[in-house]
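J.: Model the following, please.
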Amino acid sequence: MATAQIPDGGTYLDTFKGTFINVPLDADNGNAISTAEFLDAAESLTTMFDLLGSVAFSPVKKDMLGNIEKIRKRLLAAPLESQNLQDLVRNELKTKSHTATEGLLWLVRGLEFTCLALSQNLANHQHELSDSFRSAYGVTLKPHHSFMIKPIFSAAMSACPYRKDFYSKLGSDEAQVKEEMREYLAALDKIVAILKAFLDSKEAKW
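T.: Modelled structure (predicted):
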């Protein structure tokens, strides 16, 4: 799949429709996370799997996009009740449905997996991507996957490109790429932590 064109002097993150850095958080309302901006950011993140350059990552990307679609359908069906993710969950569960809520649960797991893998790789220059993704998979998605799904994801981990090839696709200035990635991943990590805590609370159970 063709990847987006990076603007001169920019990085791959500049091609994103949405970024977690710009997702509104309402600290006065229980850290409510704006639904539409979150979905745009999550959808943009999935394009990074194209940079990993292997069809092995297609199931990973497809799974995340499927969960994004479940949440977006709920947002479109009940926009006034779904302006932030926490209210979307609360209001959907009142209808005795949990399709979008379950989609959010799995999407957050996928985002945590990606965030942890890339953060570990940035922090450890000796790690190849396959090492970082395999390590992250073991503590995020793997405990929730069936024995039939695990080999599919394991194949993706083994198909990761060399780190130098991956980072060169993110931009020509390595120092700039790494600085922007750290800022981006810090924003994603904060959102993942908020959503994990919420989804683990009683009001998000079905």
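J.: what's the nearest residue to His145 if we skip its chain neighbours?
T.: If the residues on either side of it in the chain are set aside, His145 comes closest to Phe153, at 6.7 Å by CB to CB, 6 or more residues apart in numbering. Backbone N, C-alpha and C define where each C-beta goes, glycine included.
J.: What helix or strand is the one you found located in?
T.: helix 150-158 (DSSP states H and E).
J.: Now do that helix: which elements does it pack against?
T.: helix 58-77, helix 129-139 (3 or more CB pairs under 8 Å, 6 or more residues apart in numbering; DSSP states H and E).
J.: which one of those is the most hemmed in?
T.: When the helices and strands packed on helix 150-158 are scored by mean count of other CB atoms under 10 Å, the highest mean neighbour count falls to helix 129-139 (a mean of 19).
J.: which helices and strands sit right next to that one?
T.: Using 3+ CB pairs under 8 Å, 6+ apart, helix 129-139 sits against helix 99-123, helix 150-158.
J.: List the contacts of the residue nearest to His145.
T.: Applying CB atoms under 8 Å, 6 or more residues apart in numbering to Phe153 gives the contacts 59-60, 137, 141-142, 145.
J.: So for it, what pLDDT did the model give?
T.: On the pLDDT scale, Phe153 is placed at 75.
J.: Figure out how far stretch 81-89 is from the centre of its chain.
T.: Its chain's C-alpha centre and that of stretch 81-89 lie 18 Å apart, by CA atoms, centre = their mean, to the nearest Å.
J.: returning to what we had before: out of the helices and strands packed on helix 129-139, which is the most enclosed?
T.: Across these, averaging neighbours per residue (mean count of other CB under 10 Å) puts helix 99-123 on top, at a mean of 21.
J.: For it, give the mean pLDDT please.
T.: Helix 99-123 shows a mean pLDDT of 96.
J.: Now do that helix against helix 150-158: the angle between them, please.
T.: Counting by axes from the mean of the first three to the mean of the last three CA atoms, to 10 degrees, helix 99-123 lies at 30 degrees to helix 150-158.
J.: Can you name every helix or strand that helix 99-123 contacts?
T.: By 3+ CB pairs under 8 Å, 6+ apart, helix 99-123 packs against helix 35-46, helix 58-77, helix 85-94, helix 129-139, helix 174-199.
J.: tilt between the longest one and helix 85-94?
T.: It stands for helix 174-199. Using the same axes, to 10 degrees: helix 174-199 against helix 85-94 is 30 degrees.
J.: for this protein, where's the lowest mean pLDDT among helices and strands?
T.: helix 150-158 (a mean of 78; mean pLDDT, DSSP states H and E).
J.: Appreciated, that's everything.
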